[in-house]
Each structure stands twice: as structure tokens, then as C-alpha cells.
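[1] what's the 3D shape of this:
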Amino acid sequence: MDRFARACGVLAPVAALTGIGLAIALTPSFSWASSALSDLGTPGAPVPWLFNGGLILGGVLALPFAWWHWRRARTRVGRSVPVALAGAGLALAGIGVFPLGTALHFPFAAGFYLLLTYTLFLDGSARALAGTLRRGLAWIWVGIGHLTGWLLWALAGVGGLAVPEAFGALLFTAWLLASALGDGR
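    As a prediction, this is how the structure comes out:
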């Protein structure tokens, strides 16, 4: 079960990013300057099933990995990491189930990015408290970087959410891969 769950930690971002990347490649109207990633999943988009399917699959695959984290956690802070991770996975799947233009899209999208950040902060805190201070602080700073990316985007006043959305997705991918392939935690 451990190997499967850790493999899911690798496959979750691969599935989501593959769906996103292919949808971008197959959507001529997509623009990093003016689009949101969620534009790729609207019913009128060229391949909404590809985008939404990648998010749903990625979100579902995050759940066994969250369970693996839960089983290995030894502290309350450590147990908060898989709770946030499972929430992020469910929110990611929810983005695909409820595409842009539906009432539940925004709560799932905002929830994903918030829970992504909480996962980074909580994991960094758990690691720091467990004695791996540098690695813990690194993940906390990655979370701060994620928030800073959104802040800079907002201050710049540019259109399109795709850049800060993709930045957050890549940071979360880095954490998932490091966690699944890294130190066994």
C-alpha cells in the first residue's frame, strides 16, 4: 500500500499538469496574459474534458497520498498536513467537476489554492518541529512565495489568472514530488 500511495503522490501532479498542458496546447485562444486556467474547462472550450478530467484524476490521486501521510504522522501538526492535502485534492477535483461558470467553481478553486498554501505551511511547521529545521523552513518559504506570487499579480493589475495559478500549481507539484520521492515522509 505504501508504494501505491507514494506513487499516487507522483501521479497526481502528472495527471493534473498533463491535462492542463494538453488543454493549453489544443486551445488556440488561450493566453497567459488574459486567460485563467479554468477557461480551458468551460463547456465551450475545445477540450474541456481533457482539462477537467486531468484535475479530477489529479485530485483523486492525491487522496491515497494524503492517507499515507496520515499513517506516518506522529504529532498533531503532522496530522494536519494530510488533512490539508486531502482537502486540496478534493478541491482540485471539484474544480474539474464544477467548471468555470457554475456556482461552485469559485469556492473549489479558491479552496484549492488556500489549502495548497496551508499544506506547505503545515508541512514546513511539522518538519521544523520534528527537528529538520532547514527543510521545514524551506517549505514555509515556498508557501510564502506562493502568497507573494498572488500579491505581485494583484499589485501589477494585469488580467488573466493563469500565471499565478500555474505558479501555485508548480510549487505544489514540487512539494508533492519531494514528499513522495524524498525523505520518506
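[2] what about the host helix or strand of Tyr118, distance to the chain center?
    If you go by DSSP states H and E, Tyr118 is part of helix 105-129. A distance of 9 Å separates the centroid of the chain from that of helix 105-129, by C-alpha atoms, centre = their mean, to the nearest Å.
[3] which residues touch that helix?
    38, 73, 75, 77-78, 80-81, 84-85, 87-88, 91-92, 94-95, 97-99, 133, 135-143, 146-147, 150, 165, 168, 171-172, 175, 179, 185 (C-beta atoms under 8 Å, 6 or more residues apart in numbering). Heads up, the C-betas are built off the backbone N, CA and C, glycines and all.
[4] cool, stretch 132-139 as well?
    Residues outside stretch 132-139 that contact it (C-beta under 8 Å, 6+ apart): Leu120, Phe121, Asp123, Gly124, Ser125, Ala126, Arg127, Ala128, Leu129, Ala130, Trp175, Asp183.
[5] Buried among those residues? Make that a PyMOL selection.
    Per 16 or more other C-beta atoms under 10 Å, the buried members of the contacts of stretch 132-139 correspond to this PyMOL selection:
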select buried, resi 120+121+123+124+125+126+127+128+130+175
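[6] Among the contacts of stretch 132-139, which pair sits farthest apart?
    Taking C-beta to C-beta, the two most distant members of these are Phe121 and Asp183; they sit 18.4 Å apart.
[7] on that earlier part again, just the CA trace of the helix or strand following the helix holding Tyr118, in CSV.
    In the C-terminal direction, the helix or strand that comes right after helix 105-129 (DSSP H and E) is helix 133-156. C-alpha atoms of helix 133-156 as CSV (Å, rounded to 0.1, in the frame of the first residue of the first chain):
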residue,chain,number,x,y,z
LEU,A,133,14.5,22.9,10.6
ARG,A,134,16.1,23.8,7.3
ARG,A,135,13.8,21.7,5.2
GLY,A,136,10.8,22.8,7.3
LEU,A,137,11.7,26.5,6.8
ALA,A,138,12.2,25.9,3.1
TRP,A,139,8.6,24.7,2.7
ILE,A,140,7.3,27.5,4.8
TRP,A,141,9.1,29.9,2.5
VAL,A,142,7.8,28.2,-0.6
GLY,A,143,4.3,28.8,0.9
ILE,A,144,5.2,32.5,1.4
GLY,A,145,6.5,32.5,-2.2
HIS,A,146,3.1,31.3,-3.3
LEU,A,147,1.3,34.0,-1.5
THR,A,148,3.8,36.6,-2.7
GLY,A,149,3.1,35.5,-6.3
TRP,A,150,-0.6,36.2,-5.9
LEU,A,151,0.2,39.5,-4.2
LEU,A,152,2.5,40.6,-7.0
TRP,A,153,-0.1,39.6,-9.6
ALA,A,154,-2.8,41.7,-7.8
LEU,A,155,-0.5,44.7,-7.5
ALA,A,156,0.6,44.5,-11.1
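[8] Fine, thanks again, bye for now.
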